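In: This is the structure alone, sequence omitted:
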């Protein structure tokens, strides 16, 4: 019986999946804390959200949540897909596709956040 050794890129994807899981817990916890336990932020409407986004800390928290959540989610889908796709060429194409989709959504989300920064 031959043993298949994982490729280095698969090992790094696995490691980053765990790192982003921890970062997601941190950013989501910070987001919920700022949103629900800071008295100035209890006004939940557009003007309240606009006021929160004037804070650099809140932009970092939500930008980090966006970036880490996108990577974690797309990498998870990629890992499941790679359980079924074994051809190196198709895997490379899916890697490129997921990076482009992730980058597009990250830029779109960052662009949306810029409307609040003045």
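Out: Yep, that arrived. These figures come from a predicted structure and were not determined experimentally. Numbering: from 1, shown residues only.
In: ok, residues contacting stretch 63-75?
Out: Residues outside stretch 63-75 that contact it (Cβ atoms under 8 Å, 6 or more residues apart in numbering): 13, 16-17, 20-21, 23-24, 27-28, 31, 98, 101-102, 105-106, 109-110, 113. From N, CA and C alone the C-beta is placed, and that goes for glycine too.
In: Repeat that for stretch 96-115.
Out: Here stretch 96-115 has contacts from 53, 59, 62, 63, 66, 67, 70, 71, 74, 75, 77, 78, using Cβ under 8 Å, 6+ apart.
In: Lowest-confidence one in the residues you listed?
Out: Lowest pLDDT within the contacts of stretch 96-115 is found at residue 53 (81).
In: Tell me where this structure is predicted with low confidence.
Out: The model of the chain has pLDDT under 70 over residues 1-9, 41, 43, 118.
In: Check it for its longest helix and report it.
Out: helix 8-37 (DSSP state H).
In: Show me what secondary structure element comes after it.
Out: As assigned by DSSP states H and E, the chain's next helix or strand after helix 8-37 is helix 46-52.
In: What angle do helix 8-37 and the following helix or strand past that next one make with each other?
Out: Following helix 46-52 in sequence order, the next helix or strand is helix 56-82 (DSSP H and E). Angle between the axes of helix 56-82 and helix 8-37 is 140 degrees (criterion: axes from the mean of the first three to the mean of the last three Cα atoms, to 10 degrees).
In: Sort out which residues of the next helix or strand after helix 56-82 are buried, please.
Out: Sequence-wise, the next helix or strand downstream of helix 56-82 (DSSP H and E) is helix 88-114. Within helix 88-114, the residues scored as buried using 16 or more other Cβ atoms under 10 Å are 91, 98, 102, 105, 106, 109.
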